[in-house]
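Engineer: After the sequence you'll find the predicted model.
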Amino acid sequence: MTNHVPLREQNIIFIGFMGVGKTTIGQKVSERLNRTFIDIDEEISREFGMSIPEIFKEYGEKTFREKEKEYVEYYTNQKFQVISMGGGAFLQDEIRDMCLKSSIVFFLDMTWESWKERIDILIDSRPVLQNRSMEEIEALFYERKDIYSAHHFRMEIDSGSSEEAADNIIGLLELEWNRNE
Ligand SMILES: Nc1ncnc2c1ncn2[C@@H]1O[C@H](COP(=O)(O)OP(=O)(O)OP(=O)(O)O)[C@@H](O)[C@H]1O
Ligand SMILES: O=C(O)C1=C[C@@H](O)[C@@H](O)[C@H](O)C1
Ligand SMILES: [Mg+2]
């Protein structure tokens with residue numbers, strides 16, 4: 001990590017494909033660490049007073065991506081935050097750089113076999129998944145894996161509850177924090 005903020009004070013950022021659990025797990029991690037939780041998708045939704053699919057429809061993906069960058073820039077300049085990204089945020093090099101330089105970046109990873117079981121609960125609220133065949137979504141899943149390869153820690157979360165994932169993440173963080181002090 002290339003900044004001078006002590007590791008224990010750095011933000012914790014969750015990245016990974018749509019629906020792996022960044023929001024659910026990030027929220028739990030923030031509660032356990034007594035830190036503020038920021039969900040970039042929720043921030044954008046709140047500003048527009050619309051759901052993400054409505055923003056995509058009304059204003060287009062480009063506007064959404066610009067907003068995404070603005071919020072990431074704002075929050076990565078802070079400390080002690082737990083931040084869940086949208087699944088596509090790391091497509092932007094500038095977002096990737098801001099996150100990796102300022103914060104501890106956790107990649108929440110799943111296998112395609114496990115992820116595809118979630119498609120039904122995700123499709124209505126994730127415009128990027130809509131109007132694509134399962135084969136196209138699978139191709140996107142593997143394409144995106146490459147962009148998430150820029151991270152500090154990776155956790156495979158195929159099995160187990162979001163509570164268990166949060167526990168494991170905190171365990172790993174404690175080890176890292178103690179090792180660096
Ligand atoms: N460990 C888990 N086991 C089972 N279901 C889970 C788990 N984690 C999250 N989910 C469920 O998967 C769905 C998607 O989770 P969530 O919204 O947290 O994903 P996300 O990574 O934030 O997605 P996005 O990139 O679109 O913001 C939710 O319905 C959530 O309840
Ligand atoms: O992976 C993506 O491109 C997206 C993921 C969601 O979190 C939202 O940010 C939006 O639906 C786009
Ligand atoms: Mg989310």
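Structural biologist: Right, received. Where do you want to start? Ligands and ions are numbered 1, 2, ... in the order given.
Engineer: What is the distance between the longest helix along the chain and the centre of its chain?
Structural biologist: Counting by DSSP state H, the longest helix found in the chain is helix 162-179. In terms of CA atoms, centre = their mean, to the nearest Å, the centre of helix 162-179 is set 17 Å apart from its chain centre.
Engineer: do the same with stretch 86-106
Structural biologist: 9 Å.
Engineer: ok, residue 17 to residue 179 distance?
Structural biologist: 29 Å (CB to CB, to the nearest Å). Bear in mind the C-beta positions are built from the backbone N, C-alpha and C, glycine included.
Engineer: just residue 35 next, same as before
Structural biologist: Residue 35 is 20 Å from residue 179, by CB to CB.
Engineer: what's the longest strand in this structure?
Structural biologist: strand 104-109 (DSSP state E).
Engineer: That one pairs with which strands, parallel or anti?
Structural biologist: strand 12-15 (parallel), strand 153-156 (parallel) (DSSP bridges).
Engineer: circling back to that earlier point, so which of residue 17 and residue 179 has more stuff around it?
Structural biologist: Shown here are residue 17 and residue 179; by other CB atoms under 10 Å, residue 17 has more neighbours (23 against 8).
Engineer: and that one, which of the three is it?
Structural biologist: Look at residue 17: counting by DSSP: H, G, I helix; E, B strand; the rest coil, its state is coil.
Engineer: check contacts around the spatially closest residue to residue 138 that is not a sequence neighbour.
Structural biologist: Closest residue to residue 138 apart from its sequence neighbours, by CB to CB, 6 or more residues apart in numbering: residue 112 at 6.0 Å. By CB atoms under 8 Å, 6 or more residues apart in numbering, the contact list for residue 112 reads 138, 141, 142.
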